[in-house]
Structure formats: C-alpha cells, structure tokens
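[1] Structure for the following, please:
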Amino acid sequence: MRAVLFTDVVGSTEFAREMGDARWSRLLAAQRRVMRARLKETRGREVDTAGDGFFAVFDRPADAVRCAFEMCRAVQELGLDIRAGVHFGEVEIAGPEVHGIVVHTGARVMGQAGAAELLVTDTVKDLVAGARFDLQERGTYELKGVPGTWQLYDVMSVDDRLRPAPIEPASVASERRDRVASSPVPVGGRRWAVPAALVLVVLVAVAVFVTNRPVETYTPPPGTVARIDAAERFDEPVALAPFPTGLAWGEGRLWTTDQQGQIYWLDPASGDMGSRGTAGSPTGVAVGGGAVWITNGFGIGSGPMGGVSELDPVSGSLAPAFETPVGSEAIVWGADQVWVADTNTGDVRVFDPGTRTTDVIALPASSGPAPRPVALAYSDAQGGTVWVGDAAQGRVFRIPTADPSTIEALAVKTPVTDIAVSDGQIWVTGGDEDAVTVLDSASGSVLTTLDVASHGCDRPDAIVAAPDAIWVGCSVSRTVIQIDPAGWSMSDSLRLDGRPVALVTQGDGSAWVAVGPP
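    Numbers count the residues shown, from 1 in each chain. Alright, predicted model coming up:
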C-alpha cells in the first residue's frame with residue numbers, strides 16, 4: 001500500500017521553445033534539485049523523472065500531500081508552476097519500478113489540476129482526516145483509462161499555510177527563470193586530460209578527508225523524533241508526528257501521539273513506521289501489558305468525558321478502555337495497571353486490564369492551591385511506587401501500589417513540570433525556576449537542587465532517566481542537556497530547532513526526544 005505522487009511543469013513546452021535547449025536544461029536541473037530536496041524531507045522515493053515530470057511513492061498519504069504542497073511553493077522561486085496529484089492504494093513493486101492501476105489513477109488525477117494546484121482522491125481525503133489539511137470538493141470526474149467516476153478534492157491549505165496562487169505577473173516569473181537558466185554550469189574536468197599524478201594527489205586528499213572528516217551532526221526540526229547516540233549527539237532525525245503530545249517505548253517500537261488525532265510508530269531497527277487515527281485528541285501514551293494506552297484529555301467526540309484508548313500493536317485495532325475526565329494527560333504503566341493523572345480534579349485513576357475496573361485515588365489537599373497532577377513515573381522500588389508531580393505547588397506524591405491509600409507528599413523547590421526515576425533517585429523538573437530537584441526514593445528527602453540555567457537550559461519541562469545519564473528537555477532554549485546521575489555534573493546542551501515535548505529511553509538505554517513547534 002503506497003501513496004503515489006505525480007507532478008509536471010505547467011507550460012513546459014512553451015518555455016523550452018522560448019529558452020532554447022541549453023538554458024531550459026539548466027532550469028530543469030535546478031527544478032529537479034528543488035523537488036528532490038522536498039522528497040528527502042518527506043521520506044518520499046523517486047520512481048521516475050520523465051522530462052519535467054516527477055513520479056514518487058510514499059508510505060503515508062499525508063507525507064505525499066505535504067511534499068506536493070511544498071513542491072508547488074518551492075518551484076515558484078524558479079519562475080515555474082507545477083501541478084500535482086496524489087492517490088493511495090495497492091501497487092506492484094518490482095525492484096525500482098512501481099506499477100498498477102493506482103499509478104495510472106494518480107497520473108490522471110494530476111492531469112485534472114491547474115497551475116500551482118494539488119488534487120487528491122477521496123481515498124486520500126479519508127486517510128488524512130486527522131491532519132491539518134483544508135480540502136475542498138473539486139467535483140466528480142471520469143479519468144481516462146480508469147474505471148468508474150472519481151471524486152477529487154483541492155488541497156487549499158496544509159498546516160495552516162495557504163496554497164500558493166499561480167505566479168503573477170508573467171514578468172516576475174520570466175525574470176526568475178532567466179536568472180536560474182543563466183547561472184553557471186558546475187565545472188567538470190576533462191577526464192581524458194587528467195594526468196596520472198594529479199589523480200594520485202586527489203585520491204590521497206580524499207583518503208585524508210574521509211579519515212579525518214568531522215562526524216555529521218544534526219539539529220532536529222519540529223515534527224521529528226531523534227535519538228541521542230553514544231557520542232552524545234543527535235542521530236539523523238526521523239519525521240514522525242507534526243505536533244507531538246506524548247512519547248513512549250515498548251513492543252519494540254517508538255510511539256508518538258499527535259494532537260491532530262493520530263498516533264505514530266517507528267521501529268528503529270527496521271525503519272518501518274506507520275500511523276492511525278485515535279478516538280479523540282491524544283494527550284499522552286504509555287505501553288504495557290501487550291497494549292498501547294492513549295489518553296484523550298481533550299475529550300472524545302462531543303461527550304463531557306475524556307477517555308483512555310487501548311491499541312493492539314499487532315493488529316492496529318483501537319478500542320475504548322475506560323473513561324477519564326477531560327484534562328487527563330499524564331499516563332504510565334506500572335504494577336500491571338494503567339495510571340492516569342487528571343489535572344482538573346486532582347485525582348489519579350487506576351485501571352486494571354484484567355478485571356476492567358477503575359479506581360479513583362484522590363490526592364491529599366493541604367494549604368494553598370489544590371493538587372494539579374501533570375506528571376507520572378513508576379519505579380519497582382519498595383514493592384512498586386507511582387510518583388506524581390504537582391504543578392500547583394512544589395510537591396511530589398508517593399503512592400505505594402500495594403496500598404494506594406497511604407499517600408505521602410514530598411516538598412520540592414518549585415511547581416513540577418515532569419518527573420523521572422533512576423536507581424534510588426527521583427528527578428523532578430521545575431520550569432519556573434530552571435531547577436532540577438533530586439530526591440532519595442527511599443526517604444523522600446531532597447538530595448540536591450541543580451541550577452540548569454547555567455548550562456543553557458531555559459525552562460526544563462521534560463526529563464527521562466537512562467541507565468547512565470539523565471536527559472532534560474528545555475522548552476524556551478530549545479535544548480537538551482545531560483546530567484550525570486552519579487556526580488550530578490551537567491554537560492553542555494544539544495540544540496534543537498523546536499521544543500522538546502517529551503523524552504523516553506529505548507530498550508537499549510538510548511534516549512529519544514520528540515520535537516514540536518517552538
């Protein structure tokens with residue numbers, strides 16, 4: 001099952017005749033560079049390039065739509081307009097070639113588009129329902145060589161960005177084409193004239209460069225997930241959820257919820273990824289008991305309640321598990337149960353998948369504002385403990401899973417934004433004062449409070465404990481910093497191009513970060 005994308009340049013025959021072969025070839029080469037850059041950004045695979053047209057395939061239809069939309073905008077800088085069409089269905093793959101009726105359909109859909117227009121089929125429309133796409137009905141068409149009639153839709157906007165209008169005036173477009181076509185062609189050497197000595201010099205220089213070149217580093221942009229490697233750098237980011245709300249690891253995959261009503265998954269070992277719609281607008285995710293558990297804190301449908309959905313990671317089927325109040329976000333798996341914090345009621349709900357029953361644990365109130373639980377963590381210490389971070393004031397609640405009625409409140413320096421558990425220690429971020437507080441998990445006493453601002457961390461809002469490091473995500477500075485759990489020393493920060501929404505550790509102990517818009 002693949003999404004197919006077709007594009008071609010509007011008016012290419014006239015341009016080629018007016019510009020001549022040499023200048024038109026230079027312009028086409030520039031256009032191909034632009035198109036291939038967009039394909040790389042959206043994980044598309046180029047199948048064929050015939051003249052000025054492109055044919056590419058994608059695993060996800062939303063990626064194909066985004067790619068085509070960006071292509072329409074990008075080529076206008078070259079003085080060109082393209083038209084594009086996207087369809088989705090079962091294709092036949094034979095090596096680098098892709099065949100089937102879906103391919104023919106995609107090409108015919110493109111043929112109905114005008115300058116700077118992107119058309120999609122109703123199949124694509126249904127599959128991208130959770131994305132921030134504005135699709136308007138274009139009409140019903142008979143596509144040459146394709147059975148039946150087809151409902152087509154105009155893509156009017158993507159992620160709140162309007163579709164570009166065709167280039168106007170014509171003089172502007174002509175000036176841009178002339179500028180690109182007049183650019184000097186990259187100089188290539190005459191292979192037959194290169195002396196053998198020069199070849200040897202070049203080979204030696206290449207060998208030295210390969211041996212000594214710096215390791216490539218990445219700055220993850222919004223809408224990606226990125227792994228921090230053993231050298232404490234980001235691996236190449238993977239485009240996943242555009243607006244992530246939660247991140248979890250389990251069942252051999254990375255799971256990311258997106259506020260647009262989607263959950264995405266990635267298998268780092270194989271590179272396989274996918275997505276499906278959720279029951280509402282997801283706010284958090286946890287994995288345990290052979291299932292993926294998703295909170296829908298903004299509500300489900302039009303009802304007054306939110307809820308937790310249960311996703312089967314094998315079949316991909318989604319079913320309601322239990323109700324929660326609107327506002328429930330933080331979720332964790334522990335002691336063979338699902339624990340969900342509700343920020344509005346100040347409660348923690350506990351769901352037993354075996355009995356399908358739910359208990360409500362009220363967090364103890366004291367002087368000052370009522371509890372506002374925003375973060376959860378679980379540790380096996382003391383027979384199993386759930387730790388709850390309070391955003392209303394500086395408190396961490398300790399709930400023994402064997403006797404949830406015996407709740408203990410522990411004081412920290414600042415209202416809590418996130419919480420993590422390492423060996424014998426509880427790590428608490430306080431965004432208001434750029435602080436990370438370390439508690440002893442046995443006694444609950446404060447071991448130290450770290451000023452993370454001194455290491456480039458402005459507003460620590462996310463934290464995760466890996467076996468040999470604590471990683472802190474800092475929202476305002478768009479950085480991630482490392483803390484040594486043994487000596488509490490801090491490393492310099494790693495830069496992001498977006499906000500570190502959530503952090504998680506993989507089964508091998510490596511850390512992942514989900515990056516959202518700033």
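
[2] and Glu310, what does it touch?
    For Glu310, the contacting residues are Ala291, Val292, Trp293, Ile294, Leu318, Ala319, Pro320, Ala321, Pro353, by C-beta atoms under 8 Å, 6 or more residues apart in numbering. In short, each C-beta sits where N, CA and C put it, glycine included.

[3] Which of those residues fall within strands?
    Counting by DSSP state E, those place Ala291, Val292, Trp293, Ile294, Leu318, Ala319, Pro320, Ala321 in strands.

[4] tell me the two of the contacts of Glu310 that are most distant?
    Using C-beta to C-beta, the contacts of Glu310 reach their maximum pairwise distance at Leu318 and Pro353, which is 15.0 Å.

[5] Tell me the one of the ones in strands among the contacts of Glu310 nearest Phe397?
    Set against Phe397, the nearest of the ones in strands among the contacts of Glu310 by C-beta to C-beta is Trp293 (20.8 Å).

[6] Could you pull out the helices in this structure for me?
    12-19, 21-41, 61-74, 101-111, 122-127, 170-181, 196-212 (DSSP state H).

[7] what angle do the third one and helix 101-111 make?
    The reference is to helix 61-74. 30 degrees (axes from the mean of the first three to the mean of the last three C-alpha atoms, to 10 degrees).

[8] Also the first one?
    Between helix 12-19 and helix 101-111, the angle formed by their directions is 60 degrees, by the same axes, to 10 degrees.

[9] Contacts for helix 12-19, please.
    Val9, Trp24, Leu27, Gly51, Asp52, Leu80, Arg177, Ala181.

[10] Which positions within it qualify as buried?
    Neighbour counts over helix 12-19 (16 or more other C-beta atoms under 10 Å) mark Ser12, Phe15, Ala16, Met19 as buried.

[11] for the closest residue to Glu251 other than its chain neighbours, what are its contacts?
    Ranked by C-beta to C-beta, 6 or more residues apart in numbering and with sequence neighbours excluded, the top spatial neighbour of Glu251 is Pro313, at 4.4 Å. By C-beta under 8 Å, 6+ apart, the contact list for Pro313 reads Gly250, Glu251, Arg253, Trp265, Val287, Gly290, Ala291, Val292.

[12] Ok, Ile463 next?
    Contact analysis of Ile463 by C-beta under 8 Å, 6+ apart lists Asp418, Ile419, Ala420, Trp427, Val428, Thr429, Val436, Ile470, Trp471, Val472, Gly473, Leu503.

[13] Which strand residues bridge it?
    Val472 (DSSP bridges).

[14] which sections of the chain are below the confidence cut-off?
    Scanning the chain for pLDDT under 70 picks out 169-172, 183-216, 230-231, 299-305.

[15] repeat that with 50
    186-197, 199, 201-202, 204, 206-215, 302 (pLDDT under 50).

[16] how's it carved up into domains?
    With domains defined by automatic domain parsing, the chain comprises 2-181, 240-373.

[17] In a markdown table: those, plus distance to Glu408.
    Below are the domains of the chain laid out as a markdown table (distance: least, C-beta to C-beta, whole Å):
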| stretch | distance to Glu408 |
| --- | --- |
| domain 2-181 | 41 |
| domain 240-373 | 9 |
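
[18] Kindly reformat the helices of the chain as a markdown table and extend each row with distance to Gln482.
    Listed next are the helices of the chain as a markdown table, based on distance: least, C-beta to C-beta, whole Å:
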| stretch | distance to Gln482 |
| --- | --- |
| helix 12-19 | 52 |
| helix 21-41 | 28 |
| helix 61-74 | 32 |
| helix 101-111 | 46 |
| helix 122-127 | 39 |
| helix 170-181 | 45 |
| helix 196-212 | 26 |
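
[19] Can you say which of the ones you listed is packed in most?
    Mean neighbour counts were compared across the helices of the chain using mean count of other C-beta atoms under 10 Å; the top stretch is helix 61-74, at a mean of 24.

[20] Provide the contact partners of that helix at residue level.
    The contact list for helix 61-74 (C-beta under 8 Å, 6+ apart) reads 3-5, 7, 34-35, 37-39, 41-44, 54, 56, 58, 81-82, 84, 86, 88, 116-118, 120, 124, 127-128, 131, 133, 155, 158-159, 161, 163-164, 239, 275.

[21] how deep is the nearest residue to Arg45 once chain neighbours are set aside tucked in, by neighbour count?
    Take Arg45 and drop its neighbours on the chain: the residue closest to it by C-beta to C-beta, 6+ apart is Val57, 5.4 Å away. Around Val57 there are 19 other residues, counting by other C-beta atoms under 10 Å.

[22] For Val57, list the residues it contacts.
    Residues in contact with Val57 (C-beta under 8 Å, 6+ apart) are Arg2, Ala3, Val4, Leu5, Gly44, Arg45, Val47, Val91, Val98.

[23] circling back to that earlier point, can you tell me which of the buried residues of helix 12-19 is nearest Gly223?
    Gly223 lies nearest to Ser12 out of the buried residues of helix 12-19, by C-beta to C-beta, at 32.3 Å.

[24] Distance check, the closest one against Trp265.
    Distance of Ser12 to Trp265, computed by C-beta to C-beta, to the nearest Å: 40 Å.

[25] Also Val9?
    In this view, Val9 and Trp265 are 37 Å apart by C-beta to C-beta.

[26] and if you look at Gly389?
    Taken as C-beta to C-beta, the span from Gly389 to Trp265 is 26 Å.

[27] Also Met1?
    With C-beta to C-beta as the criterion, Met1 and Trp265 are 16 Å apart.

[28] What of Ser489?
    35 Å.

[29] More neighbours: which of the two?
    Trp265 (23 against 11).

[30] Which residues are in contact with the spatially closest residue to Ala239 that is not a sequence neighbour?
    Spatially, and ignoring its direct neighbours in sequence, Ala239 is nearest to Thr224 (5.3 Å; C-beta to C-beta, 6+ apart). Applying C-beta under 8 Å, 6+ apart to Thr224 gives the contacts Pro237, Val238, Ala239, Leu240, Gly498, Ala514, Val515.

[31] show me the contacts for the nearest residue to the fifth one once chain neighbours are set aside.
    The shortest distance from Gly498 to any non-neighbouring residue, by C-beta to C-beta, 6+ apart, is to Pro222 (3.5 Å). Neighbour list for Pro222: Pro242, Asp497, Gly498, Arg499, Val515, Gly516, Pro517, Pro518 [criterion: C-beta under 8 Å, 6+ apart].

[32] how does it look with 10 Å?
    The contact partners of Pro222, by C-beta atoms under 10 Å, 6 or more residues apart in numbering, come to 237, 239, 241-244, 478, 496-499, 501, 514-518.

[33] how far does stretch 477-497 sit from the chain's center?
    In terms of C-alpha atoms, centre = their mean, to the nearest Å, the centre of stretch 477-497 is set 22 Å apart from its chain centre.

[34] Output that stretch as CSV, nothing but the C-alphas.
    Output in CSV follows, covering the C-alpha atoms of stretch 477-497 (Å, rounded to 0.1, in the frame of the first residue of the first chain):
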residue,chain,number,x,y,z
SER,A,477,16.1,27.5,25.0
ARG,A,478,15.2,24.6,22.7
THR,A,479,17.9,22.4,24.1
VAL,A,480,18.5,19.1,25.7
ILE,A,481,21.2,18.8,28.5
GLN,A,482,22.7,15.7,30.1
ILE,A,483,23.2,15.2,33.9
ASP,A,484,25.5,12.5,35.4
PRO,A,485,23.3,10.7,38.0
ALA,A,486,26.4,9.7,40.0
GLY,A,487,28.0,13.1,40.5
TRP,A,488,25.2,15.5,39.3
SER,A,489,27.5,17.2,36.9
MET,A,490,25.9,18.7,33.8
SER,A,491,27.1,18.7,30.2
ASP,A,492,26.7,21.3,27.6
SER,A,493,23.4,21.4,25.7
LEU,A,494,22.4,19.9,22.4
ARG,A,495,20.5,22.3,20.2
LEU,A,496,17.0,21.7,18.6
ASP,A,497,15.1,23.7,16.1
